[in-house]
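Student: Predicted model follows, preceded by the sequence.
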Amino acid sequence: MESFSSKNLAMQAEKKLLSKMAGRSVAHLFIDETSSEVLDELYRVSKEYTQSRSQAQRVIKDLVKVAVKVAVLHRSGCFGPSELALAASFRQKLRQGAMTALSFGEVDFTFEAAVLTNLLTECRDILLALVQHHLTPKSHGRIRHVFDHFSDPGLLTALYGPDFTQHRGKICDGLRKLLDEGKL
């Protein structure tokens with residue numbers, strides 16, 4: 001018997017369509033205003049740090065694509081019980097990373113790049129395990145690209161340095177709001 005599933009076909013079409021349209025308008029369907037502001041600020045930090053507009057756009061576009069695909073998978077009920085446990089673990093680790101980033105931003109002389117690098121690396125590994133059977137190797141590469149970019153100790157050190165104070169403040173404000181609202 002032929003194994004045809006309209007649900008799987010619709011899911012593939014939705015993921016394909018969303019990956020082609022990972023612009024600002026589609027992002028707003030899945031990403032709230034505060035998250036969008038944080039992403040915009042991360043774009044500015046990446047652009048200033050790398051001195052490359054295209055590289056900064058690529059990393060944020062990859063981040064949006066991954067976020068949208070994971071949201072589609074979650075909303076469609078594609079994750080089994082063990083994967084839902086991984087999703088909960090990912091959320092907890094991401095929340096821990098956000099709280100650590102906030103603490104480093106609010107308390108002078110506490111920043112340690114290695115701590116944030118390790119938290120982001122753990123997040124990457126959990127997310128890769130979560131989507132291992134659901135997304136393509138190309139999407140896995142996007143996940144690695146995003147997390148490797150933002151866990152770069154040089155970028156983190158620059159972000160917590162004096163040249164990025166304004167960006168760091170806006171990112172921290174957004175993270176605080178997302179944590180307070182329970183969205184992170």
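Tutor: Looks like it arrived, so ask away.

Student: Flag every buried residue along the host helix or strand of Ala98.
Tutor: Assigned by DSSP states H and E, Ala98 falls within helix 81-106. Neighbour-count burial for helix 81-106 flags 83, 86-87, 89-90, 93-94, 97-98, 100-102, 104-105 (criterion: 16 or more other CB atoms under 10 Å). For glycine as for every other residue, the C-beta is placed from the backbone atoms N, C-alpha and C.

Student: separation between the residue nearest the centre of the chain and Phe111?
Tutor: Centre of the chain computed as the mean C-alpha position; nearest residue by CA atoms, centre = their mean is Leu63, 5.2 Å away. According to CB to CB, to the nearest Å, Leu63 stands 23 Å off from Phe111.

Student: Then Glu83?
Tutor: As for Glu83, its distance to Phe111 is 34 Å (criterion: CB to CB).

Student: Pull the number of nearby residues for Thr110.
Tutor: 12 (other CB atoms under 10 Å).

Student: That one: what's it in contact with?
Tutor: 103-104 (CB atoms under 8 Å, 6 or more residues apart in numbering).

Student: go on, Ala114?
Tutor: Taking CB under 8 Å, 6+ apart as the test, what Ala114 contacts is Pro153.

Student: Burial check on Gly80, number of neighbours?
Tutor: With other CB under 10 Å as criterion, Gly80 counts 10.

Student: That's all I had, so thanks and see you.
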